[in-house]
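Trainee: below is the sequence, then the predicted model.
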Amino acid sequence: MPASAEPLAAAPPDGPPAFRHSYVELPGPFFADIAPTSVPEALLLRLNKPLSDELGLDAAWLSGRDGVAMLAGNRLPATARPIAMAYAGHQFGHFVPSLGDGRAILLGELVDGNGRRRDLQLKGAGRTPFSRAGDGRAALGPVLREYILGEAMHGLGIPTTRALAMVATGEPVFRERPEPGAILARVAASHVRVGTFEYFARRGDLGSVRTLADYLIQRHYPELADGEDRYAALLEAIATRQGELIARWLLVGFIHGVMNTDNMALSGETIDYGPCAFLDDYDPGKVYSSIDRGGRYAYAQQPSIGLWNLTQLANCLLPLLGKNTDEAKARARTALNAYGEAFEPAYYGGLRAKIGLLDSATADPGADDELVQDLLSRMAQHRADFTNTFRLLGDAHPKEPATLEPIRAGFTEPTAFDAWTERWTARLAQQAEPDEARQARMRAVNPAYIPRNHRVQEVIDAAMERGDLAPLDRLLVAVSRPYDDQPDLLDYRNPPQPHEVVQRTFCGT
Ligand code: AMP
Ligand code: MG
């Protein structure tokens with residue numbers, strides 16, 4: 001290079017990811033070393049280019065021969081150190097002492113340009129010592145679902161794991177029938193779950209519980225590192241994030257479907273999209289999952305299940321929380337209060353914002369909450385679409401009846417909506433705010449686009465029946481910018497026609 005040449009700009013990322021490792025450095029039985037099992041015919045179905053860029057990865061390398069070989073688990077870069085993580089979990093309330101990654105293999109951690117560390121895991125990469133009777137594989141349908149749902153949640157601004165890529169394996173997997181196999185490359189803040197603590201606590205391995213708690217503080221809650229009562233503070237911080245997270249779920253009509261303790265990530269991200277779904281019409285008791293026969297994980301159960309799961313975590317941490325059981329339990333209870341203290345303002349405040357109310361414009365927030373509940377109960381009774389009711393309310397001018405028409409038409413008994421509108425209009429009149437400003441606020445919290453179940457199903461059917469991924473791409477465009485109007489994608493706002501309604505979702509594992 002001539003001496004006079006301009007210095008080069010920061011080198012673009014080049015070649016394979018440089019994996020870092022903190023989890024595998026932990027002293028203790030936290031994982032099993034295990035390499036992915038090769039697949040016969042790896043085919044890259046989609047690479048998430050924006051996420052690849054965000055991670056500072058080389059998208060050209062990832063979609064080339066070596067990159068696809070890595071994403072399929074066929075050939076790993078030298079810096080990868082593949083493991084399966086150990087964990088336990090309460091599944092539908094029943095404790096299972098040893099679950100672990102039965103089909104997911106963690107390659108290592110990636111640190112982006114901002115110093116943000118994330119796991120890269122291959123889901124469906126083959127059997128592990130934790131596979132039990134499972135085949136270690138994933139079917140294309142659930143992989144597509146997880147890819148879509150992660151991107152949709154990200155678009156909605158809700159903390160979530162995301163898919164970096166999706167690879168077909170060229171190998172069938174046998175579920176109820178043979179299905180095409182696939183692997184999801186998943187990026188997560190980390191994969192430590194409530195169930196990870198349960199694994200060690202149940203074994204009486206207090207040393208590992210402490211090591212894991214210290215690790216979690218360092219990785220996700222560094223501000224607690226030097227504080228007093230750090231383990232109680234950790235429980236409180238985790239509870240706060242979960243309370244906020246589950247409030248966000250409810251506010252967009254999301255039903256996780258399998259809130260087992262092994263599916264609750266301690267980073268505060270939504271994780272493990274199985275038989276999850278979004279509400280169409282508002283029904284608080286709604287259950288989609290075919291395996292949730294008792295409705296344990298119904299839409300409106302999620303807040304109390306969140307606390308139940310955190311209580312299991314608190315039980316694991318008890319020995320770290322106090323000198324004796326009474327003291328420890330008292331600290332745990334105080335810490336768990338943070339859950340409700342985070343959930344309630346996030347949820348009720350979020351609902352008030354969804355109907356455009358400014359807390360500053362009333363002396364009686366309780367009356368505002370009642371106004372929201374009145375709408376919700378009318379919506380439930382008259383089967384109004386959750387997403388569209390709120391979105392259209394944001395577009396409406398209460399004094400122009402024509403703008404209310406599309407909303408009332410969504411109620412089986414439109415006059416039930418009219419009665420509420422009168423109350424709402426009177427309340428809005430107390431806000432000295434131009435209608436346009438209120439509408440802008442409402443549009444920013446009420447999505448137009450969610451991954452509606454029939455649309456997700458349409459994507460899966462097209463991919464499975466015709467190998468056609470065009471519907472996937474269209475849906476991803478819609479849900480990646482859920483708060484924008486996107487006039488050419490209006491059909492994605494439509495609720496299902498009666499014959500399109502998805503009644504059941506399956507985990508398909
Ligand atoms: P999930 O319902 O996906 O959260 O999985 C629950 C447990 O079953 C976890 O330990 C998974 O690793 C394991 N598992 C799910 N599907 C498979 C499979 N096909 N092969 C092996 N293990 C699996
Ligand atoms: Mg899971």
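Mentor: On my side now, so go ahead. Ligands and ions are numbered 1, 2, ... in the order given.

Trainee: could you look up the SS state of Met166?
Mentor: strand (DSSP: H, G, I helix; E, B strand; the rest coil).

Trainee: residues in contact with it?
Mentor: Contact analysis of Met166 by C-beta atoms under 8 Å, 6 or more residues apart in numbering lists 44-46, 143-144, 147, 182-185. C-betas here are computed from N, CA, C, even on glycine.

Trainee: give me the neighbour count for Arg116.
Mentor: 12 (other C-beta atoms under 10 Å).

Trainee: quick check on it: phi, psi?
Mentor: phi -80, psi 130 (degrees, to the nearest 10).

Trainee: again, but for Gly89
Mentor: phi 170, psi 150.

Trainee: same question, Trp61
Mentor: Backbone torsions for Trp61, taken as degrees, to the nearest 10, come to phi -60, psi -40.

Trainee: you'd agree it is up against Leu47?
Mentor: No. Between Trp61 and Leu47 there is no contact under C-beta atoms under 8 Å: 10.5 Å.

Trainee: which of these two has more residues huddled nearby?
Mentor: Leu47 (22 against 19).

Trainee: list the residues that contact the more buried one.
Mentor: Leu47 is in contact with 59, 62-63, 164-165, counting by C-beta under 8 Å, 6+ apart.

Trainee: and which of these is nearest to Thr387?
Mentor: Closest approach to Thr387 among the contacts of Leu47 (C-beta to C-beta): Leu164, at 27.7 Å.

Trainee: give me the neighbour count for the closest one.
Mentor: Using other C-beta under 10 Å, Leu164 is surrounded by 28 other residues.

Trainee: next, count neighbours for Asp368.
Mentor: Neighbour tally, Asp368, other C-beta under 10 Å: 20.

Trainee: my bad, should have said Gly113
Mentor: Quick note: Gly113 (other C-beta under 10 Å) scores 10 neighbours.

Trainee: which pLDDT value goes with the residue of the stretch 201-350 of the chain at minimum distance from ligand 2?
Mentor: Per C-beta to the ion, Asp272 is where the stretch 201-350 of the chain lies closest to ligand 2, at 4.0 Å. Per-residue pLDDT puts Asp272 at 97.

Trainee: my guess is it contacts Met259, does it?
Mentor: No. In this structure Asp272 lies outside contact range of Met259 using C-beta under 8 Å: 9.4 Å.

Trainee: and the lengthiest helix in the chain, what does it pack against?
Mentor: Looking across the chain with DSSP state H, the single longest helix is helix 325-354. Applying 3 or more C-beta pairs under 8 Å, 6 or more residues apart in numbering; DSSP states H and E, one finds that helix 325-354 contacts helix 230-252, helix 302-321, helix 365-381, helix 435-445.

Trainee: how about a cut-off of 10 Å?
Mentor: Secondary-structure packing of helix 325-354 (3 or more C-beta pairs under 10 Å, 6 or more residues apart in numbering; DSSP states H and E): helix 230-252, helix 302-321, helix 365-381, helix 386-395, helix 435-445.

Trainee: helix or strand for the closest residue in space to Arg378 that isn't next to it in sequence, which one?
Mentor: Nearest non-adjacent residue to Arg378, counting by C-beta to C-beta, 6 or more residues apart in numbering: Ala416, 4.7 Å away. Per DSSP states H and E: Ala416 is located in helix 414-428.

Trainee: list of residues touching that helix?
Mentor: With C-beta atoms under 10 Å, 6 or more residues apart in numbering as the test, helix 414-428 has contacts from 355-358, 361-362, 367-368, 370-372, 374-375, 377-379, 381-382, 384, 389, 393, 396-399, 401, 404-405, 407-411, 435, 438.

Trainee: report the angle between that helix and helix 435-445.
Mentor: 120 degrees (axes from the mean of the first three to the mean of the last three C-alpha atoms, to 10 degrees).

Trainee: looking at the contacts of Met166, spot the one nearest ligand 2.
Mentor: Once C-beta to the ion is applied, the member of these that ends up nearest ligand 2 is Leu184, at 12.5 Å.

Trainee: list phi and psi for the closest one.
Mentor: Dihedral angles (degrees, to the nearest 10) for Leu184: phi -100, psi 130.

Trainee: that one and Leu234, how far apart?
Mentor: Distance, Leu184 to Leu234, by C-beta to C-beta, to the nearest Å: 30 Å.

Trainee: and the two most separated of the contacts of Leu47?
Mentor: The widest separation within the contacts of Leu47 (C-beta to C-beta) is 11.2 Å, between Ser63 and Leu164.

Trainee: list the residues that contact both of those two?
Mentor: 46-47, 49, 52, 71.

Trainee: can you lay out these as a markdown table showing distance to ligand 1?
Mentor: Shown next, in a markdown table, are those (distance: C-beta to the nearest ligand atom, whole Å):
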| residue | distance to ligand 1 |
| --- | --- |
| Arg46 | 21 |
| Leu47 | 23 |
| Lys49 | 27 |
| Ser52 | 25 |
| Leu71 | 18 |
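
Trainee: on that earlier part again, give me the neighbour count for the residue nearest to Arg378.
Mentor: Neighbour tally, Ala416, other C-beta under 10 Å: 19.

Trainee: do Gly467 as well
Mentor: Applying other C-beta under 10 Å, we find 11 residues neighbouring Gly467.

Trainee: and the gap between it and ligand 1?
Mentor: From Gly467 across to ligand 1, the span is 23 Å (C-beta to the nearest ligand atom, to the nearest Å).

Trainee: re the thing from before, drop anything exposed from the shared contacts of Ser63 and Leu164.
Mentor: By neighbour count, with 16 or more other C-beta atoms under 10 Å, the shared contacts of Ser63 and Leu164 hold 46-47, 52, 71 as buried.
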